[in-house]
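A.B. asks: Structure for this input, please:
(one chain, ligands or ions: 1)
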Amino acid sequence: MMPGRAEEIIMRFTRRSFIKATSASICLPAIVGRAWAAEGGAPLPIPEVMDLAGGTMGELTAQLGKSRMLQGVETETAGYSQAFSGPLIRVKRGETARLKLGNTIAEPVSVHWHGMFIEGAQDGGPHSPVNPNEVRDAVLDIDQPASTLWYHSHIMERTGAHVWYGLAGMLWVDDPDAPDSGLPNTYGEDDIPLVVQDRIFGSNGAMVYTPRGPSLMHGYRGDEILVNGAIRPEASVPAGLVRLRILNGSNARIYHFAFEDGRSFAQVATDGGLLPAPATMTSLTLAPAERAEIVVDFSDGAAVRLLSGPDTNSPMGGMGGMGGMMGAMASPQTDANGMFEVMRFAVNTGLAAKVTALAPTLAGAPVPEFGEPVRRRSFRLDMMGAGGMMSMMAGGGGGMAINGDSMDMGVINVAAPLNETEIWEISAAQMQHPFHVHGTAFQVLSNGGKPVDSAKVGLKDVVLVDGKAEILIRFTRTADAATPYMYHCHILEHEDAGMMGQFTVA
Ligand SMILES: [Cu+2]
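C.D. replies: Take a look at the predicted model:
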């Protein structure tokens with residue numbers, strides 16, 4: 001990453017905020033410190049649905065806007081056809097979804113369909129920018145299991161800034177021919193999208209994004225938690241089973257979710273769709289870009305808070321390391337148990353509890369059919385490439401790399417044959433990295449030196465690599481050299497600093 005690049009992006013996104021802040025400080029010299037408060041408890045925003053079923057043409061236009069996230073000040077944000085984030089897009093398996101992609105922002109953006117099995121030409125990666133005032137067609141042939149996916153901008157060296165300011169939203173694939181899983185499915189009532197993101201707000205209420213040195217190495221993390229664009233909001237739920245479709249839409253933060261009262265819940269789906277059977281647990285770790293669907297029982301009528309443990313993932317070892325010492329790592333305030341609030345749930349007896357029991361197995365869960373692998377590839381995620389850690393400490397971009405090579409738009413790193421099963425071995429020495437592969441879903445064979453039970457983990461498109469992970473992978477769509485697929489770390493600051501490679505499928 002070029003030194004100074006991040007600052008340029010920020011200037012473009014927040015120029016108006018800077019001007020406003022400057023004039024405010026001239027007019028109101030008595031104001032010291034924050035001009036705002038971050039109060040939780042506002043109603044959870046439920047994203048508007050853009051249903052593309054039946055050939056309805058959709059439209060997503062990247063734009064800047066102003067959002068009321070904080071009390072006392074507006075925040076300049078970016079979104080797709082709205083001020084922050086984007087609509088919840090629903091598409092149906094067996095159909096072709098069509099959208100017009102526009103851009104009114106003064107720099108190229110893109111719309112990457114994260115988790116979708118579509119050819120490279122429609123994947124929306126760095127080779128498919130929507131330039132300012134340009135319109136691009138997206139034609140998405142939907143053929144994959146019902147699943148909770150998302151979309152976000154994916155421009156070379158700018159993905160972190162774009163997602164931070166708001167260019168990301170959820171996408172749900174529905175499968176009308178799948179047998180009924182019996183899961184709650186009333187949108188916004190007992191089937192609720194939760195996009196969890198951390199942010200830093202400056203004293204003027206503007207979002208602050210300045211990854212450099214330790215905050216680039218760790219990945220850029222914030223001290224305020226947004227869910228669907230609202231600070232620690234409150235969801236109103238029926239006194240029954242409620243399905244929460246959680247996306248970790250944060251740039252770098254790993255969450256360790258648990259309910260305040262220790263109640264158990266059932267995970268029913270992962271990145272690639274339903275699990276074969278509900279998996280009961282009391283805590284859930286979700287790395288950036290991972291999704292989980294959980295079913296929570298609210299029939300006791302009690303209000304409860306969803307919490308998270310702190311993110312200790314660090315190239316310096318635990319305890320915040322040098323990042324903490326240098327004051328560059330923002331983190332929410334934790335309670336006596338070391339947990340922080342994500343959001344709240346209040347039971348509304350006026351809402352009908354439509355589902356009160358879970359089936360022991362989930363009808364319609366995808367059955368992975370990979371067959372025997374024919375080759376093995378290795379990917380080493382490296383934070384110590386050209387420039388190295390000292391360069392990053394000094395505020396430079398350093399050279400993050402995979403197998404020693406930083407991402408180069410002109411280099412195809414891997415040519416993968418179509419419809420051949422491979423084992424990919426991903427290793428990460430300094431810290432854990434969420435490794436994402438475009439265009440398909442994979443099965444995790446092992447992680448951290450231990451075999452993984454795929455029935456409990458399901459089909460994935462992101463794996464949080466703990467030392468070393470092995471995945472079973474196959475590509476069923478093509479990608480040519482003009483619009484190749486990407487594999488990369490989904491800590492977006494690592495991706496933007498070069499921890500990404502590109503591959504063709506033919
Ligand atoms: Cu990484």
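A.B. asks: And the pLDDT for A394?
C.D. replies: A394 is assigned 56 on the pLDDT scale.
A.B. asks: who does the residue nearest to P87 when sequence neighbours are not counted bridge with?
C.D. replies: Among residues not flanking P87 along the chain, M50 sits closest, at 4.0 Å (C-beta to C-beta, 6 or more residues apart in numbering). Placement of C-beta: from N, CA and C, glycine included. Beta-bridge partners recorded for M50 (DSSP bridges): I89.
A.B. asks: Same check on E76?
C.D. replies: K66.
A.B. asks: Could you check how far it is from the ion?
C.D. replies: Using C-beta to the ion, to the nearest Å, E76 is found at 28 Å from the ion.
A.B. asks: Also M343?
C.D. replies: 26 Å.
A.B. asks: and the closest residue to that residue other than its chain neighbours, how many residues sit next to it?
C.D. replies: The shortest distance from M343 to any non-neighbouring residue, by C-beta to C-beta, 6+ apart, is to V227 (4.7 Å). When neighbours are defined as other C-beta atoms under 10 Å, V227 has 24 of them.
A.B. asks: do D405 as well
C.D. replies: What D405 shows, counting by other C-beta under 10 Å, is a neighbour count of 16.
A.B. asks: element containing G160, please.
C.D. replies: Using DSSP states H and E, the element containing G160 is helix 159-165.
A.B. asks: elements contacting that helix?
C.D. replies: Counting contacts by 3 or more C-beta pairs under 8 Å, 6 or more residues apart in numbering; DSSP states H and E, helix 159-165 packs against helix 5-27, strand 73-80, strand 147-152, helix 492-496.
A.B. asks: switch the cut-off to 7 Å
C.D. replies: When contacts are defined as 3 or more C-beta pairs under 7 Å, 6 or more residues apart in numbering; DSSP states H and E, helix 159-165 sits against helix 5-27, helix 492-496.
A.B. asks: quick one: the residue nearest to M343 from E95, how far?
C.D. replies: Counting by C-beta to C-beta, to the nearest Å, the gap from V227 to E95 is 30 Å.
A.B. asks: D480: what's it in contact with?
C.D. replies: 120, 504, 506 (C-beta atoms under 7 Å, 6 or more residues apart in numbering).
A.B. asks: quick one: the first one and A482 touch, right?
C.D. replies: When you say that, I think you mean G120. No - at 8.2 Å, G120 does not count as touching A482 under the criterion of C-beta atoms under 7 Å.
A.B. asks: The two: who's more crowded?
C.D. replies: Set G120 next to A482 and count neighbours by other C-beta under 10 Å: G120 wins out with 27 against 10.
A.B. asks: Not counting sequence-adjacent ones, nearest residue to the more buried one?
C.D. replies: Spatial nearest neighbour of G120, excluding adjacent residues (C-beta to C-beta, 6+ apart): A479 at 2.6 Å.
A.B. asks: Equivalent analysis for H488, please.
C.D. replies: Nearest non-adjacent residue to H488, counting by C-beta to C-beta, 6+ apart: M500, 3.5 Å away.
A.B. asks: For the one you found, give me its contacts.
C.D. replies: Contact partners of M500, counting by C-beta under 7 Å, 6+ apart, are 402, 407, 486, 488.
A.B. asks: can you rerun that using 10 Å?
C.D. replies: M500 is in contact with 125-126, 154, 156, 159, 400-402, 405-409, 413, 436, 486-490, 494, counting by C-beta atoms under 10 Å, 6 or more residues apart in numbering.
A.B. asks: So how do I select the buried members of those in ChimeraX?
C.D. replies: A single ChimeraX command suffices to select whichever of those are buried according to 16 or more other C-beta atoms under 10 Å:
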select :125,126,154,156,159,400,401,402,405,406,407,413,436,486,487,488,489,490,494
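A.B. asks: Pull the contacting residues for the residue in the stretch 151-300 of the chain positioned nearest to the ion.
C.D. replies: Closest residue of the stretch 151-300 of the chain to the ion, C-beta to the ion: G219 (6.7 Å). Shown in contact with G219 (C-beta under 10 Å, 6+ apart): 160, 211, 250-254, 288, 311, 313-315, 329, 431, 433-434, 489-495.
A.B. asks: residues in this structure within reach of the ion, list them.
C.D. replies: Residues of the chain that fall close to the ion, judged by C-beta under 5 Å from the ion: 433, 489, 491, 494.
A.B. asks: May I have the residues that are in contact with the last one?
C.D. replies: In other words, H494. So H494 contacts 160, 211, 216-219, 251-252, 288, 381, 383, 398, 400-401, 431, 433-434, 488, 500 (C-beta under 10 Å, 6+ apart).
A.B. asks: got a pLDDT number for it?
C.D. replies: H494 is given a pLDDT of 96.
A.B. asks: again with the third one
C.D. replies: Looking at I491, its pLDDT is 98.
A.B. asks: Can you give me the neighbour number for it?
C.D. replies: 32.
A.B. asks: Pretty sure it sits against H218.
C.D. replies: Yes - using C-beta atoms under 10 Å, I491 is in contact with H218, at 8.2 Å.
A.B. asks: Give me the common contacts of these two.
C.D. replies: Common contacts of I491 and H218 (C-beta under 10 Å, 6+ apart): 252-253, 313, 431.
A.B. asks: Among the residues you listed, name the buried ones.
C.D. replies: With burial judged by 16+ other C-beta under 10 Å, the buried subset of the shared contacts of I491 and H218 is 252-253, 313, 431.
A.B. asks: that older thread, mind listing the shared neighbours of G120 and A482?
C.D. replies: Common neighbours of G120 and A482 (C-beta under 10 Å, 6+ apart) are 127-128, 504.
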